[in-house]
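*Asks:* Structure here, sequence nowhere to be found:
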């Protein structure tokens, strides 16, 4: 039986990032080209080869969570709750008036509460098993961001956590899109969150030689597509979107930010932590997302790229973009906002999906920074240093993760009908 798929719109975006707490604070800082990357303060990085990160500054959990509940939640859960509060507030939804079974939550994390694992393991080793917190498990596991959000909003609909490395947030948004399309929910709170600026996390990524060691100049360390790039910078934060079925949003008079029209996911099936040099998996996932959106590549006005500032990954994505967009790549505006936020890992895809929605809303392409010598593989128009006014009907965002997992999302500017 052929069932017509329902339309899906974005009515809320909540961002907590290294450049700002709150959606509009983050967006304003990005348009100005402000960097959120500084020396690490969350732990003493003495002796580490990488001593820089994109930390969320001045985050006060009590602003979003009852004091007695904070100890039950890892930092990534706290970020997710804060971002969901911003997103839900923007929608104007009264969730108490909704059918709770038609409100779902898909929120993921690539790692979970690394800092809680490290802290509680230290207690175990130094003081014994009786000193481990009774909240250790529920503060740590990845699905408790979605769990805590669903509890807060009494959302008893579909509930799922993706843990697909750096594609986590994008997968959560894309799969939520599918949930609403097929009628399993009318509202989905979705995205990703990460808090991996911890000793073990930074040491682990540094051991892989994945991180920038430009410690003397943190603000310029993340430099996607610059020939002098030497690795990515770990960031933290969350991006949460609220998706709604189109008719549901229109009937209640919602302010619609954009329409989500295309999504695809696939795998490189190639390597645990490196893409094939020709970027074939990336190319294919973009082609599939464009096909799903039923738009020609030439219709895309802006692309928020995954580009993390690693030599292999950036080059493979550039090749894939050039091959996917062909001649239209010459006019395609592209940037990687990771140059300012660092790489939020499991939170990156949804943070950048939210940024892409705001680009359509305001008809402004956010920039990338720190470009001195552009990688020769880039055949597209890079938005540099400051946001650029850009009339656009469609915008796209890419996310790729360890294990070769890929996702692309396509959004359309919303026109009242």
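*Replies:* Structure's in. What do you need? Predicted model only: the values in this text are computed from it and were never measured.

*Asks:* how is the protein carved up into domains?
*Replies:* Under automatic domain parsing, the residue ranges defining each domain of the chain are 8-251, 263-411.

*Asks:* pLDDT weak spots in the protein?
*Replies:* Along the chain, segments meeting pLDDT under 70 span 1-3.

*Asks:* From the chain's centroid, how far away is the longest helix along it?
*Replies:* Counting by DSSP state H, the longest helix found in the chain is helix 75-91. Distance of helix 75-91 from the chain centroid (CA atoms, centre = their mean, to the nearest Å) equals 13 Å.

*Asks:* thinking again about what came up before, TSV for the domains of the chain, including mean neighbour count and distance to residue 417?
*Replies:* (Each C-beta comes from the backbone N, C-alpha and C, glycine too.) Compiled in TSV, the domains of the chain are given as follows (neighbours: other CB atoms under 10 Å; distance: least, CB to CB, whole Å):
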stretch	mean neighbour count	distance to residue 417
domain 8-251	21	8
domain 263-411	22	15
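
*Asks:* circling back to that earlier point, which secondary structure elements does the longest helix of the chain contact?
*Replies:* Judged by 3 or more CB pairs under 8 Å, 6 or more residues apart in numbering; DSSP states H and E, helix 75-91 is in contact with strand 8-17, helix 23-31, helix 144-153, strand 187-194, strand 237-245.

*Asks:* need the strands for the stretch 151-300 of the chain, in chain order.
*Replies:* 159-160, 187-194, 237-245, 258-267, 300-304 (DSSP state E, counting those that start in this stretch).

*Asks:* At which residues are the helices of the stretch 201-350 of the chain located?
*Replies:* 246-251, 280-293, 311-325, 338-341, 348-362 (DSSP state H, counting those that start in this stretch).

*Asks:* Can you list the helices and strands that the third one packs against?
*Replies:* Translated: helix 311-325. Secondary-structure packing of helix 311-325 (3+ CB pairs under 8 Å, 6+ apart): helix 280-293, strand 394-401.

*Asks:* Dump the ones you listed to TSV, plus distance to residue 205.
*Replies:* Listed next are the helices and strands packed on helix 311-325 as TSV, based on distance: least, CB to CB, whole Å:
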stretch	distance to residue 205
helix 280-293	21
strand 394-401	14
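
*Asks:* thinking again about what came up before, okay, the helices of the stretch 201-350 of the chain in a markdown table with distance to residue 27 next?
*Replies:* Below are the helices of the stretch 201-350 of the chain laid out as a markdown table (distance: least, CB to CB, whole Å):
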| stretch | distance to residue 27 |
| --- | --- |
| helix 246-251 | 21 |
| helix 280-293 | 24 |
| helix 311-325 | 24 |
| helix 338-341 | 12 |
| helix 348-362 | 5 |
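
*Asks:* Direction included, what does the helix or strand just after the longest helix of the chain pair up with?
*Replies:* Moving toward the C-terminus from helix 75-91, the next helix or strand (DSSP states H and E) is strand 103-108. Paired with strand 103-108 in the same sheet, following DSSP bridges, are strand 159-160 (parallel), strand 187-194 (parallel).

*Asks:* So which of those is nearest residue 112?
*Replies:* With distances scored as CB to CB, the stretch of the strands paired with strand 103-108 nearest to residue 112 is strand 187-194 (8.9 Å).

*Asks:* quick check: angle from that closest one to helix 75-91?
*Replies:* Per axes from the mean of the first three to the mean of the last three CA atoms, to 10 degrees, the angle that strand 187-194 makes with helix 75-91 is 150 degrees.

*Asks:* now strand 187-194 against helix 144-153, angle please.
*Replies:* Going by the same axes, to 10 degrees, strand 187-194 makes 140 degrees with helix 144-153.

*Asks:* for the strands paired with strand 103-108, which one sits closest to residue 241?
*Replies:* Across the strands paired with strand 103-108, closest to residue 241 is strand 187-194 (CB to CB), at 5.6 Å.

*Asks:* what's the spacing between that closest one and its chain's center?
*Replies:* Put simply, strand 187-194 sits 9 Å off its chain's centre (CA atoms, centre = their mean).

*Asks:* go on, stretch 64-72?
*Replies:* Centre to centre, stretch against its chain (CA atoms, centre = their mean), the figure for stretch 64-72 is 24 Å.

*Asks:* ends of that stretch, how far apart?
*Replies:* The first and last residues of stretch 64-72 sit 14 Å apart, counting by CA to CA, to the nearest Å.

*Asks:* One more: stretch 146-159?
*Replies:* Using CA to CA, the two ends of stretch 146-159 sit 7 Å apart.

*Asks:* Check what contacts it and list those residues.
*Replies:* 73, 77, 80-81, 84, 88, 95-96, 100-108, 160-161, 179, 184-185, 187-189, 240 (CB atoms under 8 Å, 6 or more residues apart in numbering).

*Asks:* What of stretch 408-417?
*Replies:* With CB under 8 Å, 6+ apart as the criterion, stretch 408-417 contacts 9-10, 170, 173-174, 177, 256-264, 285-286, 288-290, 292-293, 295, 300, 353, 356-357, 360, 363, 392-399.

*Asks:* What's the separation between residue 33 and residue 383?
*Replies:* 10 Å (CB to CB, to the nearest Å).

*Asks:* follow-up on the earlier one: nearest to residue 347 among the helices and strands packed on helix 311-325 would be which one?
*Replies:* For those, proximity to residue 347 was assessed by CB to CB; strand 394-401 is nearest, at 10.6 Å.

*Asks:* Tell me which strands the helix or strand that that closest one is followed by pairs with, and in which orientation.
*Replies:* Next helix or strand after strand 394-401 toward the C-terminus (DSSP H and E): strand 405-412. Sheet pairing of strand 405-412 (DSSP bridges) gives strand 258-267 (antiparallel), strand 394-401 (antiparallel).

*Asks:* how far off helix 348-362 does the shortest one point, in degrees?
*Replies:* Between the direction of strand 394-401 and that of helix 348-362, the angle (the same axes, to 10 degrees) works out to 170 degrees.
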